[in-house]
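**Student:** I'll drop the sequence and a predicted model, then ask my questions.
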Amino acid sequence: MVDDEASINSNQESNIGKELRFSKAISYLFHPILFPLIGTLIYLFTTPRYTSKKTKLLLIIVVFVGTYILPIILLTLLKGMKMIRSFHLTSLDERKFPTLFFSFLAILVGRLFFQIQVVDDLAIFFISGGLSFLLIYGLLWLQIKVSIHTLGIGGLLGFLINLSLVFHHNYLYTIAFLFLLFGIVANARLKLKAHSFQEVVWGIIVGILVQLSIPLIYQNI
């Protein structure tokens, strides 16, 4: 009987370990710094707005450097200086400076894209993303943590909904996939105890609402 109980406990611990490893893999695989690049590629290669190959390459390089390489460099430096424990920025204090920095980078990229008049919708995507980060930065000072993972998914969802309205393009399957991805990522973050249920839900809500509201404000200015 004792051996049977020990075997059951060992199997349970093994299953829990597998779930945690899977959740960590999901968290890294769908890290939020990937979503700006994904949104850019979707915009450049699915919308009917003409952009030359040279311009597309330049935009992709700017986005890759500005929203992927620079954040990784920053996080690596902060981790090296022991200002953060991991790239997932688990504590409120760890999140403050990186969140403000990400906001600055996104708005900077957006302002740069406004100079290229053929990609205004993409510029608004980055401005909205920067404002989303600025909003959750403010919430950190109120001791409220919002999931950046689900914020990224929500931002991409809001962007695709906006593109579908502007260009009358069907992104239904991609939107459905992103909602499924939200469930997978949210579950992973909950399994790792990185966030509460409210924090992952607020992430997708803020991401969607800001991406939908900023284009409306821009159109009415």
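**Tutor:** Perfect, thanks for sending it.

**Student:** lowest-pLDDT helix or strand in the protein?
**Tutor:** Using mean pLDDT, DSSP states H and E, the weakest-scoring helix or strand in the chain turns out to be helix 2-29, at a mean of 69.

**Student:** Following it in sequence, what is the next regular element?
**Tutor:** helix 35-46 (DSSP states H and E).

**Student:** Tell me the buried residues in that following helix?
**Tutor:** Buried residues in helix 35-46, defined by neighbour count with 16 or more other CB atoms under 10 Å: 35-36, 39-40, 42-44. Placement of C-beta: from N, CA and C, glycine included.

**Student:** Restrict it to CA atoms and write it as CSV.
**Tutor:** Only the C-alpha atoms of helix 35-46 are listed here, as CSV (Å, rounded to 0.1, in the frame of the first residue of the first chain):
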residue,chain,number,x,y,z
PHE,A,35,4.1,40.3,-31.5
PRO,A,36,5.2,43.7,-33.0
LEU,A,37,7.2,41.9,-35.7
ILE,A,38,4.3,39.5,-36.3
GLY,A,39,1.9,42.4,-36.7
THR,A,40,4.3,44.2,-39.1
LEU,A,41,4.6,41.1,-41.3
ILE,A,42,0.8,40.6,-41.4
TYR,A,43,0.3,44.2,-42.3
LEU,A,44,3.0,44.3,-45.0
PHE,A,45,2.1,41.0,-46.7
THR,A,46,-1.7,40.8,-46.4
